[in-house]
Structure formats: C-alpha cells, structure tokens
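>>> Quick check, what structure comes out for this input:
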Amino acid sequence: MSTFIMIGNYSLEAMKEISRGRTTKATKIIQKCGGRILSGYATMGKTDLLVITEFPSVEEAMKASVNLTNAMGISFSTMPALSLEAFDKLVGNKS
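All right, here's what the predicted structure looks like:
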C-alpha cells in the first residue's frame with residue numbers, strides 16, 4: 001500500500017450538508033476504492049480537510065478522489081507521499 005495525502009475544500013453547497021455522518025460516508029467511499037484512512041483533520045485556512053490515506057495504487061487513489069467529490073461536493077487534491085525515512089533512503093547518502 002502507498003500513502004496519499006488528500007486535501008479537501010468544501011463547496012458552498014457541501015458546507016450546508018456538513019453532518020456527523022459525513023466521515024462514515026467518506027470512509028466507505030475510500031474503502032470501496034481499496035483504501036483506508038490513516039488519519040484525518042479538519043483545518044482552518046486555505047484547506048478545510050487533510051486526510052492521510054493508503055491505497056494499492058495511484059488509480060485507486062484517483063478514483064476515490066473523484067468519487068468523494070461527486071458524492072460529497074468536496075473538491076479533493078490527492079498526492080502520493082513518502083515517509084521521511086523512505087525519502088532519505090531514496091536520495092541516498094548525500095550530506
């Protein structure tokens with residue numbers, strides 16, 4: 001599984017639909033796409049939501065992103081992420 005960061009922004013219509021059940025709905029959509037939520041945060045500022053997920057591939061992550069937008073009116077930007085440890089191994093022994 002690969003890690004993906006999903007950054008979400010509510011549309012005005014989605015803001016009207018905010019409820020406690022939205023997290024359950026989003027979790028089910030992500031699971032149907034083969035993923036799982038590692039952690040999630042509501043934020044203030046340019047971003048409304050930050051969700052750290054795992055998916056088997058980029059295709060599943062993209063599918064979840066599109067499905068979340070269609071089902072919930074939340075626009076997601078989804079990007080792959082490496083742990084700092086994995087990144088350090090990737091770049092080698094440069095000082």
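
>>> Look at Leu84 and say how many residues are nearby.
Here the number of neighbours of Leu84 (other C-beta atoms under 10 Å) works out to 7. C-betas here are computed from N, CA, C, even on glycine.

>>> Apologies, that question was intended for Thr53.
Thr53, neighbours per other C-beta under 10 Å, totals 24.

>>> and it, that's in a strand?
Yes: with DSSP: H, G, I helix; E, B strand; the rest coil as the criterion, Thr53 is assigned to a strand.

>>> Do I have it right that it meets Gly34?
No: using C-beta atoms under 8 Å, Thr53 is not in contact with Gly34; the gap is 10.4 Å.

>>> And the helix or strand of the chain with the lowest mean pLDDT, what's buried?
Sorted by mean pLDDT, DSSP states H and E, the helices and strands of the chain end with helix 12-16, the least confident at a mean of 81. Buried positions in helix 12-16, judged by neighbour count with 16 or more other C-beta atoms under 10 Å: Ala14.

>>> after it comes which helix or strand?
helix 22-32 (DSSP states H and E).

>>> Pull out the buried positions in that next one.
Neighbour counts using 16+ other C-beta under 10 Å place Arg22, Ala26, Ile29, Ile30 of helix 22-32 among the buried residues.

>>> pLDDT score assigned to the second one?
I take that to be Ala26. pLDDT recorded at Ala26 is 92.

>>> Not counting residues beside it along the chain, what's closest to it?
Leu68 (6.0 Å; C-beta to C-beta, 6 or more residues apart in numbering).
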